[in-house]
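In: Output the structure for:
(chains A, B and C)
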Amino acid sequence: MEEIADQFRLRVYEVVAQIPRGRVMTYGQIAALCGSPRAARIVGGVAHFGDPDLPWQRVVKKDVSLAEGYPGGITGHQRQLEAEGVAMVQGKVNMAVHAWKPSP
DNA sequence: CGAGTGACCGCAA
DNA sequence: ATTGCGGCCACTC
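Out: The predicted structure follows:
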């Protein structure tokens, strides 16, 4: 089961794909889970050039604010999160409710 | 193969 | 509290 590819980006795919509905995660958190806590930018780069079918909308910045490169802008991104069941206030996600920790 | 760059993060003024 | 700057790592051209 650990025979996944060595590529950092493929690990990001696994993590993002495992984020359940109604939960959000930060780029830095995902990067840390992938083995590089300082590669948060890479997660964003992978998000842009990676698999468009993955729920990148559940991935937010550490300030729980939304990314700017998302198609449609913050507005489109925010609307997608609400469609997932994530309540937002002033463009911010309630981490106390939606903060998710990956399963071991 | 080399260089540039980014859907970021952390700190300093 | 806000604003600006650098650094970092992996991906794309």
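In: going forward, measure contacts between C-alpha atoms and count neighbours the same way
Out: Noted.
In: count of residues packed around residue A:24?
Out: Other residues near residue A:24 come to 27 when the count uses other CA atoms under 10 Å.
In: Chain A against DNA strand C: which residues are in contact?
Out: Where chain A comes near DNA strand C, counting by CA under 7 Å from any atom of the strand, the residues are A:7-10, A:36, A:38-39, A:41-42, A:45-46, A:49-50.
In: 6 Å instead, please
Out: A:7-9, A:36, A:38-39, A:41-42, A:46, A:49 (CA under 6 Å from any atom of the strand).
In: Compare the residues you listed and tell me which is most surrounded.
Out: residue A:9 (20 neighbours).
In: excluding its backbone neighbours, what's nearest that one?
Out: residue A:46 (6.0 Å; CA to CA, 6 or more residues apart in numbering).
In: ok, the strand or helix carrying the one you found near DNA strand B or not?
Out: Using DSSP states H and E, residue A:46 sits in helix A:40-49. Yes. Using CA under 6 Å from any atom of the strand, helix A:40-49 reaches DNA strand B at A:40-42, A:44-45, A:47-48.
In: ok, back up a step: possible to save the residues of chain A next to DNA strand C as CSV with pLDDT?
Out: Converted to CSV, the residues of chain A next to DNA strand C look like this (pLDDT from 0 to 100):
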residue, pLDDT
A:7, 87
A:8, 94
A:9, 94
A:36, 94
A:38, 94
A:39, 95
A:41, 95
A:42, 95
A:46, 95
A:49, 93
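In: Please name the strands paired to the helix-or-strand element of chain A with minimal mean pLDDT in the sheet, noting orientation.
Out: When the helices and strands of chain A are scored by mean pLDDT, DSSP states H and E, strand A:88-89 comes last with a mean of 88. Strand pairing for strand A:88-89, determined by DSSP bridges: strand A:92-93 (antiparallel).
In: chain center to the partner strand: distance?
Out: Distance, stretch centre to chain centre, for strand A:92-93: 13 Å (CA atoms, centre = their mean, to the nearest Å).
In: Okay, strands next: where are they in chain A?
Out: A:25-26, A:59-60, A:88-89, A:92-93 (DSSP state E).
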